[in-house]
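Peer 1: no FASTA, just this:
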């Protein structure tokens, strides 16, 4: 049971709250707070030393990563993040330069995007740094893209290149906010998620609860140079890395197949340096198949998952 | 330098954001997001195992305390909390009953208050439980009470009894939301804070940045039974406990002295079981004095000077 199921279980007997458009289970909570034609988005996300970054990671990059992960969840709903609050747990006796550098890393990313850090709390976490950020923002109702909404026959697209993020990208990636806003302005997206647990781990979230399926075209899957480098040094195969490495923070989305070619053509004007790839389509029947020249295979590889019991 | 100073230092060269009415430094951030006549409030707060609660604390009470601390910050601004998101860091291999019980403790407090938990994230924190909650809510503009705003001559009031919270109250207190809403509905409060660091530690926050002072009337300070019990077992003196024990989560506020007697009379109708005490007044000159029958003594954040530990 993950945390979404847990909250659903514990709250199933409570009266529904009409302000909650989308509760736990999507990239952000979606709230209707009477803010004109917009929904309010609300999200929390944390990084922990030794889990999400190494102890010797430069603190600016820790701040960057923590904030960028949150921003990526807003991108996944085509939202506009606006304000953040920060909880920073630090071992006692820390060098005061460390939190300052973490805040610098956050602010260097937040400020150009118009995101204000409006509250901060520092507390003690004896063994390791724990950095939790909560963020609010907004999105026009008709441009809010959820995880659910994919339709049979939809084309499945992914931004960027996949795999090998741990080589460095996970500490310095730029969340796909501009891309996501452009997409929802010009196209009717049916569903979207940001890839944090790997393509194989996150694609299923676009297929529930209606038990849709997907067919991936193996040669189309965009593999990062980092994934290829790591394979040469004896790591996973490049394709396996692209399917199962976590922390890509690219957008995975679906839209009607008739839009696929026009989208690919139009994309190159605003984003000439960002790859956009159609990697497959949504099927009516459950299961994920990956096709290469030898035929179709069931995708069994699992992405990186949180909250699993040993 | 605390986190408020740090954020101010790092953001001082950034252009001001007109949606931020009150940034870091008050109990909640105050935002003007165009939600009718209301401000939006935004807050984050965390509890850490071994720092804010003992490892053997029943998990329902951990959830209760974590949420109640947040709610108390909303009470301190006379706000109405509405939605929360939760970050829960747990050691690997935890008993799945533990997060369930923590969520039960949060929901039992949140649901009757109309606060919805709309998002949860569970992550790994190898050595100890780390629970961070972010909350949003709203408050009518004219009823938003800040830390700043006290005026010379104001009467200084406190709810409840002070000291000894660690004996148990800190795990089961009810935040003073109803009291705070009633106060701002019927009275013109000048300033307010919730007591988390003890009266002696938090009162200075009502006196800056204009460098006001305060005079406390020692015999009026309401001392809890727990503080008296602990003194009999060799702890701090009851008065010292009431001044310096943390985690009272009572409201400390000021209003014009002409309102003091009518407020005390009116209070007993809605809140017959909650003590409300005028403990002193705001002075024009800096410094906090505490008066007893022997005269006036200077109060520091550690309490009476002559009560300080050698």
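Peer 2: That came through, no problem. Keep in mind the model is a prediction, meaning the values are calculated, not measured.
Peer 1: Around chain B, pick out the residues from the stretch 51-200 of chain A.
Peer 2: A:51-52, A:82-83, A:85-89, A:96, A:99-100, A:103-104, A:107, A:111, A:114, A:116-128, A:130, A:132, A:134, A:136, A:138 (C-beta under 8 Å from any C-beta of the partner chain). In this view, the C-beta of every residue, glycine as well, is placed from N, C-alpha and C.
Peer 1: so how far is chain B from residue A:14?
Peer 2: Counting by C-beta to the nearest C-beta, to the nearest Å, the gap from residue A:14 to chain B is 6 Å.
Peer 1: burial of the residue lying closest to that residue once chain neighbours are set aside, as a residue count?
Peer 2: Setting aside the residues directly before and after it, residue A:14 is nearest to residue B:111 in space (C-beta to C-beta, 6 or more residues apart in numbering or on different chains), at 5.5 Å. Neighbour count of residue B:111, defined by other C-beta atoms under 10 Å in any protein chain shown: 17.
Peer 1: sec struct for residue B:111, please.
Peer 2: helix (DSSP: H, G, I helix; E, B strand; the rest coil).
Peer 1: Could you check how far it is from residue B:58?
Peer 2: Separation of residue B:111 from residue B:58 (C-beta to C-beta, to the nearest Å): 19 Å.
Peer 1: Looks like residue A:237 contacts residue A:231 (just checking).
Peer 2: Yes - counting by C-beta atoms under 8 Å, residue A:237 touches residue A:231, with 5.6 Å between them.
Peer 1: Have a look at those two and say which one is more surrounded.
Peer 2: Neighbours were counted for residue A:237 and for residue A:231 using other C-beta under 10 Å; residue A:231 has more, 18 against 14.
Peer 1: sec struct for the more buried one, please.
Peer 2: Strictly by three-state DSSP, residue A:231 counts as helix.
Peer 1: For it, which residues are in contact?
Peer 2: By C-beta atoms under 8 Å, 6 or more residues apart in numbering or on different chains, residue A:231 lies in contact with A:237, A:238, A:241.
Peer 1: contacting residues for residue A:152?
Peer 2: A:212, A:282, A:283, A:284.
Peer 1: let me fix that: residue A:75
Peer 2: Counting by C-beta under 8 Å, 6+ apart, residue A:75 makes contact with A:175, A:176, A:177, A:179, A:180, A:194, A:251.
Peer 1: So the first one: helix, strand or coil?
Peer 2: I take that to be residue A:175. Of the three states, residue A:175 takes coil according to three-state DSSP.
Peer 1: Neighbours of it, how many?
Peer 2: Count around residue A:175 with other C-beta under 10 Å applied: 24.
Peer 1: Run through who's touching stretch A:88-95.
Peer 2: Residues contacting stretch A:88-95 (C-beta under 8 Å, 6+ apart): A:98-99, A:102, A:120-132, B:3, B:46, B:48, B:130.
Peer 1: Please check the residues you listed and keep the buried ones.
Peer 2: Among the contacts of stretch A:88-95, those classed as buried by 16 or more other C-beta atoms under 10 Å in any protein chain shown are A:99, A:102, A:120-123, A:125, A:128-132, B:3, B:46, B:48, B:130.
Peer 1: which one of the residues you listed is nearest residue A:247?
Peer 2: For the buried ones among the contacts of stretch A:88-95, the residue nearest residue A:247 by C-beta to C-beta is residue A:131; the value is 15.6 Å.
Peer 1: how close does the closest one sit to residue B:10?
Peer 2: Noted for residue A:131: a distance of 16 Å to residue B:10, by C-beta to C-beta.
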